[in-house]
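> Using only what follows, build the 3D model:
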Amino acid sequence: MGFQDSKCFPKMGVSATRAATQPRFIQHKKEAFWFYMFLSIVYDHVIKGFGYWTEDMRDEALEPLELNDPDLVVVDVGGGTGFTTLGVVKHVDAKNVTILDQSPHQLAKAKQKEALMECRVIEGDAEDLPFPTDYADRYVSAGR
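Coordinates of the predicted model:
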C-alpha cells in the first residue's frame, strides 16, 4: 500500500478538513496573534520549566540537520522566541540564520537574546514563505 492509498492520510491535494463541531484551541491566525502576544511573556520559562522542550531535546532534534558548516543558510520557520534557533547558532553563524514567525511578540523576545542578535528576523507566514525556492540549505520548524 503506497502513501496515496493509506487510509491514515488524505490523498495529495485534498485537504483534511476539521469538522465544524470539533473544537480547536486556536482557529485562525488572528486568534493566534492574541494567543502568542500573551504567551510570549512566559513562553521560554514554560517550555523549559515544565520539561516540555528542553535544551537537550532541542539539540537531539537538530542532529539530523547536519549543521556541520558555519556557512550554511538556515531558516527557522515558526521560530518564535528563538529557543530552537539558539540550538542552530551553536553550529551555524548567526548572520546566516533567519527566524520567521507570525508573532511580533514572540520575535521581540528572540531579538533580546544575545546569541541571536545577528540573525535576520522576519515577521511572516509559514504558509507563504517570503523566499525563493531553495533559498536555504536547511529549514527547521520545531512545532512545539
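
> Mind pulling the model confidence for the nearest residue to residue 69 once chain neighbours are set aside?
Leaving aside its sequence neighbours, residue 69 sits nearest to residue 92 (C-beta to C-beta, 6 or more residues apart in numbering; 7.4 Å). In short, each C-beta sits where N, CA and C put it, glycine included. Looking at residue 92, its pLDDT reads 98.

> do residue 107 as well
For residue 107, pLDDT reads 93.

> What are the boundaries of the strands in the protein?
Counting by DSSP state E, the chain has strands at residues 74-77, 97-101, 120-123, 138-140.

> returning to that earlier point: hang on, the residue nearest to residue 69 packs against residue 68?
No: using C-beta atoms under 8 Å, residue 92 makes no contact with residue 68, being 9.3 Å away.

> which of these two has more neighbours?
residue 92 (23 against 8; other C-beta atoms under 10 Å).

> quick one: contacts for the closest residue in space to residue 95 that isn't next to it in sequence?
Leaving out its chain neighbours, the residue that sits closest to residue 95 by C-beta to C-beta, 6+ apart is residue 118, at 4.6 Å. By C-beta atoms under 8 Å, 6 or more residues apart in numbering, the residues touching residue 118 are 93-95.

> What's opposite the closest residue to residue 79 other than its chain neighbours in the beta bridge?
Distances taken as C-beta to C-beta, 6+ apart place residue 99 nearest to residue 79, at 3.6 Å, with adjacent residues excluded. Per DSSP bridges, the residues bridged to residue 99 are residue 76, residue 121.

> related to what we said a few turns ago, make TSV from the contacts of residue 118 and add distance to residue 56 to it.
Converted to TSV, the contacts of residue 118 look like this (distance: C-beta to C-beta, whole Å):
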residue	distance to residue 56
93	23
94	21
95	26
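
> Give me the buried subset of those residues.
Buried members of the contacts of residue 118, counted by 16 or more other C-beta atoms under 10 Å: residue 94.
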